[in-house]
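In: How does the following fold in three dimensions:
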Amino acid sequence: MTEVKIKGRTVKNFGNPFIIPEMSINHNGVVGNAIKIIDKLHTLGAECVKFQCFNTDEFMGKNSLNYTYKTQKGKNTEDMYEMFKRHELNVDDFDKMFDYAKKKGIIAFSTPTDKFYVDYLCKKKFHVLKLALMT
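Out: From the prediction side, this is the model:
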């Protein structure tokens with residue numbers, strides 16, 4: 001790669017790093033939490049934020065594995081399908097988050113995990129889509 005422009009920001013070999021904060025499911029399925037994270041990213045001087053647009057039923061079966069992760073209270077183990085389903089957002093939620101990031105001057109983009117969200121992001125004329133590896 002020699003260089004690529006993302007909304008006026010040039011990313012190139014040996015240039016200034018383009019650090020991409022990953023929202024993932026850290027919003028816990030609550031738009032208000034995502035807004036707070038965007039505010040914190042803005043305060044910290046972040047240039048962008050990456051979301052994950054997904055429909056749990058499109059990428060995961062209901063007979064999934066359990067997942068153990070750390071929480072403030074220790075460890076928690078739960079069914080991965082249920083965890084992702086609980087954190088799933090809809091188009092209206094993403095519209096609010098993308099619009100808020102734009103208002104804060106933060107470049108927002110996403111990893112779509114299915115055709116519905118690829119189409120949605122393309123209709124919104126996003127400058128970047130990060131493709132998910134589904135193995």
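In: Residue 58: what's it in contact with?
Out: The contact partners of residue 58, by C-beta atoms under 8 Å, 6 or more residues apart in numbering, come to 113, 114, 116. Glycine gets a C-beta too; all of them are placed from N, C-alpha and C.
In: Look at it and give its secondary structure.
Out: Going by DSSP: H, G, I helix; E, B strand; the rest coil, the secondary structure assigned to residue 58 is helix.
In: same question, the one 5 residues further on
Out: Three-state assignment for residue 63 (three-state DSSP): coil.
In: For stretch 28-48, C-alpha coordinates in CSV please.
Out: Extracted C-alpha coordinates of stretch 28-48, given in CSV (Å, rounded to 0.1, in the frame of the first residue of the first chain):
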residue,chain,number,x,y,z
ASN,A,28,-23.7,-3.9,25.9
GLY,A,29,-26.6,-3.4,23.4
VAL,A,30,-27.4,0.1,24.7
VAL,A,31,-27.0,3.1,22.4
GLY,A,32,-26.5,5.4,25.3
ASN,A,33,-23.4,3.4,26.3
ALA,A,34,-22.1,3.8,22.7
ILE,A,35,-22.7,7.5,22.9
LYS,A,36,-20.6,7.7,26.1
ILE,A,37,-17.8,5.7,24.5
ILE,A,38,-17.9,8.1,21.5
ASP,A,39,-17.7,11.0,23.9
LYS,A,40,-14.7,9.5,25.6
LEU,A,41,-13.0,8.8,22.3
HIS,A,42,-13.6,12.4,21.3
THR,A,43,-12.1,13.6,24.5
LEU,A,44,-9.0,11.4,23.9
GLY,A,45,-8.6,12.8,20.4
ALA,A,46,-9.6,9.7,18.5
GLU,A,47,-10.0,10.1,14.7
CYS,A,48,-12.4,7.2,14.2
